[in-house]
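S.K.: Predicted model and sequence below, questions to follow.
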Amino acid sequence: MTDSRPREVEHEITVSAPAAEVYRLIAEVENWPRIFPPTIYVDHIERSEGEELIRIWATANGEAKNWTSRRFLDREAMRITFRQQVSTPPVATMGGTWIIEPLSATESRIRLQHDYTAVDDDPAGLAWIEEAVDRNSRSELAALKTNVELATASEELTFAFEDTVEIAGSAKDAYDFINEAGLWSERLPHVAVVRLTEDSPGLQTLEMDTRAKDGSVHTTKSYRVCLNGEKIAYKQTTLPALMNLHTGVWTFRETGTGVAATSQHTVVIRAENIEKILGPEADVAQAREYVKAALSTNSRATLGHAKDYAEARR
């Protein structure tokens, strides 16, 4: 007889940071792509005091998945309960609780509980979920420890910026140019080779070989979430040596005369590689400028070609 009772598991970690700061990072889901390696993007569907419905795109066992989850936030108790509303097979149901426990003014314990069932109680599905939950939970807690402690120690390593180009054309055509990244090696001079897969609509895996100004070629891999012709969010998983993190969003806003197309970047500098890449005299400020210039050059080039494409199709 099949046992359909939910499986339950708990993971925990201790961090050198105040409990309130840890709670804030977990509660504010816009932080998740920065602090949790598996998370690609999170979007709010509904939001009210103490409760929200969110859609999450993340990798599990090397595969990109997405689901919706309802969360109940209790700031006083520092507990966040979550329950998937629409799960992706082999997951049938999934839920759990974040519990933040202060150990002292500067240290806290994070407990992450899960309960889950598999479609048709399939043993292979249960094994897949067990492995994914264990791997992602360990990864999430380790990354949370690293990132909350880094955030407490140094804010200068993290920065964000954006580039915007005004296009006298339609938002759909500009969006299509960015969405059709599989054609970028034909359309963008700085892209040497591109490999794009889209196993489910709107969820892409993009690998590129990009030429730098000095002629060198760099390989990057990103997961991309393409949302209804309005925005394309991405997270790089293969990174250049100077970056610990790179996430971004392409947005397309209709204006009275056309569309404002924007490329937004969030970056965390890998401090230990600054000297190796930029020399012994270089500091964090120089690393930020170097990375910003490189990313902005490619973004503005891509936006410029999107502009030409959209304006030619008016």
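M.R.: Here it is on my side, so go on.
S.K.: The stretch 201-314 of the chain: strands as residue ranges?
M.R.: 203-211, 217-227, 231-238, 243-254, 259-269 (DSSP state E, counting those that start in this stretch).
S.K.: Now mean pLDDT, mean neighbour count and distance to Leu144 too, for the ones you listed, in CSV please.
M.R.: Just so you know, the C-beta spots here come from the backbone N, C-alpha and C atoms, and that holds for glycine as well. CSV is the format used below for the strands of the stretch 201-314 of the chain (pLDDT from 0 to 100; neighbours: other Cβ atoms under 10 Å; distance: least, Cβ to Cβ, whole Å):
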stretch, mean pLDDT, mean neighbour count, distance to Leu144
strand 203-211, 93, 18, 24
strand 217-227, 92, 17, 20
strand 231-238, 95, 19, 16
strand 243-254, 95, 19, 13
strand 259-269, 96, 21, 14
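S.K.: And those: which comes nearest Glu155?
M.R.: Closest to Glu155 of these, according to Cβ to Cβ: strand 259-269, at 10.6 Å.
S.K.: helices or strands up against the closest one?
M.R.: If you count contacts as 3 or more Cβ pairs under 8 Å, 6 or more residues apart in numbering; DSSP states H and E, strand 259-269 packs onto helix 32-35, strand 158-167, helix 171-179, strand 243-254, helix 284-312.
S.K.: neighbouring strands for that strand, and are they parallel or not?
M.R.: Sheet pairing of strand 259-269 (DSSP bridges) gives strand 158-167 (antiparallel), strand 243-254 (antiparallel).
S.K.: As a markdown table, these with distance to Asp121 would be great.
M.R.: Written out in a markdown table, the entries for the strands paired with strand 259-269 read as follows (distance: least, Cβ to Cβ, whole Å):
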| stretch | distance to Asp121 |
| --- | --- |
| strand 158-167 | 44 |
| strand 243-254 | 37 |
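S.K.: Could you point out which of the ones you listed sits nearest Ala142?
M.R.: Once the strands paired with strand 259-269 are compared by Cβ to Cβ, strand 243-254 is nearest, at 13.7 Å.
S.K.: Can I get that closest one in PDB, CA atoms only?
M.R.: Output of strand 243-254 as PDB, limited to C-alpha atoms (Å, rounded to 0.1, in the frame of the first residue of the first chain):
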ATOM      1  CA  MET A 243      31.900  38.900 -10.100                       C
ATOM      2  CA  ASN A 244      30.300  36.900  -7.300                       C
ATOM      3  CA  LEU A 245      26.900  37.700  -8.700                       C
ATOM      4  CA  HIS A 246      25.200  39.200 -11.700                       C
ATOM      5  CA  THR A 247      21.500  39.500 -12.200                       C
ATOM      6  CA  GLY A 248      19.500  41.700 -14.500                       C
ATOM      7  CA  VAL A 249      16.200  42.700 -16.000                       C
ATOM      8  CA  TRP A 250      15.400  44.000 -19.500                       C
ATOM      9  CA  THR A 251      12.200  46.200 -19.400                       C
ATOM     10  CA  PHE A 252      10.100  47.800 -22.100                       C
ATOM     11  CA  ARG A 253       7.900  50.800 -21.200                       C
ATOM     12  CA  GLU A 254       5.600  52.400 -23.700                       C
END
